[in-house]
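Q: Structure, please.
(4 chains)
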Protein chains: 2
Amino acid sequence: MKQSKIPKATITRLSIYYRQLELLESNFSYMISSEKLALLCQVNSAQVRKDLGYFGEFGVRGVGYNVIELQKEIKKILTLDREWNMGIIGIGNLGSALMQHQNLPARGFEFVAAFDNDPNKIGQITSTGLIIRDINELDSLVKELKIEIGIITTPPSVAQQVADKFLESHVYALLNFAPRRIFVPECCLVENIDFSVKLDILTYKLRKNMIV
Amino acid sequence: MKQSKIPKATITRLSIYYRQLELLESNFSYMISSEKLALLCQVNSAQVRKDLGYFGEFGVRGVGYNVIELQKEIKKILTLDREWNMGIIGIGNLGSALMQHQNLPARGFEFVAAFDNDPNKIGQITSTGLIIRDINELDSLVKELKIEIGIITTPPSVAQQVADKFLESHVYALLNFAPRRIFVPECCLVENIDFSVKLDILTYKLRKNMIV
DNA sequence: CATTGTGAACTCATTCACAGCG
DNA sequence: CGCTGTGAATGAGTTCACAATG
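A: Numbering: from 1, shown residues only, chains lettered A, B, ... in the order given. Predicted coordinates for the structure are as follows:
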């Protein structure tokens, strides 16, 4: 393992390869070449080999990669070979939708606590059986439930405050769905998911491609 | 306008600048320097100037950019200066959450039709007042309502079929929330939003940063 | 002998550094 | 004088091309 400067895009692609491998396994594929996997994931085959090459030699020359073995390796690389406890703040439509997402628990991501600041919501039970808590309880629940990942599904106006709360409670990995950049110290990881940005990209390209 | 090879990331950032400018306007800021805007958007100031430079000269040397003017320019670049009609297929939790999203209509993105294949859902009214339609009605409604953007919020197993349906109906810009790559011809635009990929990135980095 | 693994070549993107200008 | 606009320098990421090999 020569962990020399791994492109961020490589990690994204590993995640995509992984899901494709799950699919291949469920179709009883035994081996796969970088060429075929690349085709399925819509990348270059050299890209697949290089991405994997950052972490080891997982293939057999002249043959390809064992589907199940490669899955296991990527699982290890991405640290998906364990459970991750997540807390979510902001139990609106989006937050509720995420909590009900079937795929997440299947992949080791578990919502263990839900928070909101709306007195009408606090105390209610989510469809997945969690009691909606007051944000003031965050600190104690993070400790008790070993929450390591924070999900922000609040309106943008309070996203920063919510991020600060997570930090105070020592949750240093955040997934931010609010369409606003949040500021965090060096030690904290943030990934943003902003679908209005994606819509903007579509409309830009639509005009540029002269489809419109 | 010298549209010579504009990085895709530039478009993403323009969208981010735009939202930041909206915020600045609501705070009654009149002018902003590339330095300050860069700080707010967490990028390099030369990056801001270069991104804008692809499309024109919008600033005043020695002074900066007029907040309202720059907004207008970016709006034009991203084609946000008009309405976009969207159809959505897959009215589960995520689909419902998206339709209720306040920000989208405010920015010109309107859900004008909702589709599902579940007979129990078809005919029901969404919280935003749309009748849930059978997917067979897609073709006629695309024409009638001038749908130009398709949103896919189905389970991954049917994402490809749904994409094909959109293509048959001449919807050539798709936003795919299903965690599966979809295959489309050259002429069609796809943007993927896959939050489990983002979670995988977080867990990878968590271990790498030795926070865990 | 088909396919991996990988240095080298290339392409794309970001940042520097400063001339140009209001 | 201060900040924009931009060519030039640097850096990052992808693809090529082929030697290595099960």
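Q: Determine which residue lies closest to the centroid of chain A.
A: With distances taken as Cα atoms, centre = their mean, the residue of chain A nearest its centroid is residue A:175 (7.6 Å).
Q: neighbouring strands for the helix or strand hosting that residue, and are they parallel or not?
A: Using DSSP states H and E, residue A:175 falls within strand A:173-176. Strand A:173-176 pairs in its sheet with strand A:149-152 (parallel), strand A:189-192 (parallel), by DSSP bridges.
Q: now the residue nearest to the centre of chain A: how far from residue B:43?
A: From residue A:175 across to residue B:43, the span is 21 Å (Cβ to Cβ, to the nearest Å). (C-beta placed from N, C-alpha, C; glycine too.)
Q: hmm, who's touching stretch A:113-131?
A: The contact list for stretch A:113-131 (Cβ atoms under 8 Å, 6 or more residues apart in numbering or on different chains) reads A:87-91, A:95-96, A:99-100, A:111-112, A:132-135, A:137-138, A:141-142, A:145, A:147, A:158.
Q: Using the three-state scheme, assign residue A:50.
A: Residue A:50 falls in the helix class when you classify it by DSSP: H, G, I helix; E, B strand; the rest coil.
Q: Same question for residue A:69.
A: helix.
Q: Domain boundaries for chain A, per the record?
A: Listed domain ranges for chain A are A:8-77, A:84-197 (source: automatic domain parsing).
Q: and the end-to-end length of the longest one?
A: Going back to what we said before, that points to domain A:84-197. This stretch, domain A:84-197, spans 28 Å end to end (Cα to Cα, to the nearest Å).
Q: check whether it contacts DNA strand C.
A: No - on the criterion Cβ under 7 Å from any atom of the strand, domain A:84-197 is out of touch with DNA strand C, staying 14.0 Å away.
Q: hang on, the earlier thing: which among the contacts of stretch A:113-131 count as buried?
A: A:87-91, A:95-96, A:99, A:111-112, A:132-133, A:135, A:138, A:141-142, A:147, A:158 (16 or more other Cβ atoms under 10 Å in any protein chain shown).
Q: Just give me the neighbour total for residue A:177.
A: Neighbour count for residue A:177, taken as other Cβ atoms under 10 Å in any protein chain shown: 22.
Q: Kindly report the same for the one 10 residues further on.
A: Residue crowding around residue A:187 was assessed by other Cβ under 10 Å; the count is 9.
Q: hang on, it is in a strand, isn't it?
A: No - secondary structure of residue A:187 (three-state DSSP): coil, not part of a strand.
Q: Give me the pLDDT value at it.
A: We note a pLDDT of 91 for residue A:187 in this prediction.
Q: next one: the one 5 residues further on
A: You'll see residue A:192 listed with a pLDDT of 97.
Q: go on, residue A:178?
A: At residue A:178, pLDDT is 96.
Q: re earlier: distance-wise, check the residue nearest to the centre of chain A relative to DNA strand D.
A: According to Cβ to the nearest atom of the strand, to the nearest Å, residue A:175 and DNA strand D sit 20 Å apart.
Q: Name the nearest residue to residue A:199, ignoring sequence neighbours.
A: Distances taken as Cβ to Cβ, 6 or more residues apart in numbering or on different chains place residue B:109 nearest to residue A:199, at 5.7 Å, with adjacent residues excluded.
Q: What residues does the one you found make contact with?
A: A:196, A:199, B:84, B:86, B:149.
Q: Show me what whichever strand or helix holds the second one packs onto, helices and strands only.
A: Assignment of secondary structure by DSSP H and E places residue A:199 within helix A:195-208. Contacts of helix A:195-208 with other secondary structure elements, assessed using 3 or more Cβ pairs under 8 Å, 6 or more residues apart in numbering or on different chains; DSSP states H and E, are made with helix B:8-26, helix B:103-106, strand B:149-152, strand B:173-176, strand B:189-192.
Q: hey, least reliable of those by pLDDT?
A: Note on these: helix B:103-106 shows the lowest mean pLDDT, a mean of 93.
Q: and the angle from the helix or strand just after that one to helix A:195-208?
A: With elements assigned by DSSP H and E, the helix or strand that comes after helix B:103-106 is strand B:109-116. Going by axes from the mean of the first three to the mean of the last three Cα atoms, to 10 degrees, strand B:109-116 is angled at 100 degrees with respect to helix A:195-208.
Q: any idea how far the helix or strand following strand B:109-116 is from the chain center?
A: Later in the chain than strand B:109-116, the nearest helix or strand by DSSP H and E is strand B:132-134. Chain-centre distance of strand B:132-134: 24 Å, with Cα atoms, centre = their mean, to the nearest Å.
Q: near chain A, anything from the helix or strand just after strand B:132-134?
A: Counting by DSSP H and E, the next helix or strand C-terminal to strand B:132-134 is helix B:138-145. No - Helix B:138-145 stays out of contact with chain A when judged by Cβ under 8 Å from any Cβ of the partner chain, the minimum separation being 14.0 Å.
Q: before we move on, what SS does the single nearest residue of chain A relative to DNA strand D have?
A: Closest to DNA strand D within chain A is residue A:62: 2.5 Å, counting by Cβ to the nearest atom of the strand. Secondary structure for residue A:62, judged by three-state DSSP, is coil.
Q: Neighbours of it, how many?
A: Neighbours around residue A:62, by other Cβ under 10 Å: 6.
Q: Which pLDDT does the model give it?
A: 97.
Q: Where does the prediction get shaky in chain A?
A: A:1-4, A:210-212 (pLDDT under 70).
Q: how about a cut-off of 90?
A: Within chain A, the stretches with pLDDT under 90 are A:1-5, A:102-103, A:208-212.
Q: secondary structure element for the spatially closest residue to residue A:155 that is not a sequence neighbour?
A: Once flanking residues are discounted, residue A:155 sits nearest to residue A:178: 6.8 Å by Cβ to Cβ, 6+ apart. Residue A:178 is part of no helix or strand, with elements assigned from DSSP H and E.
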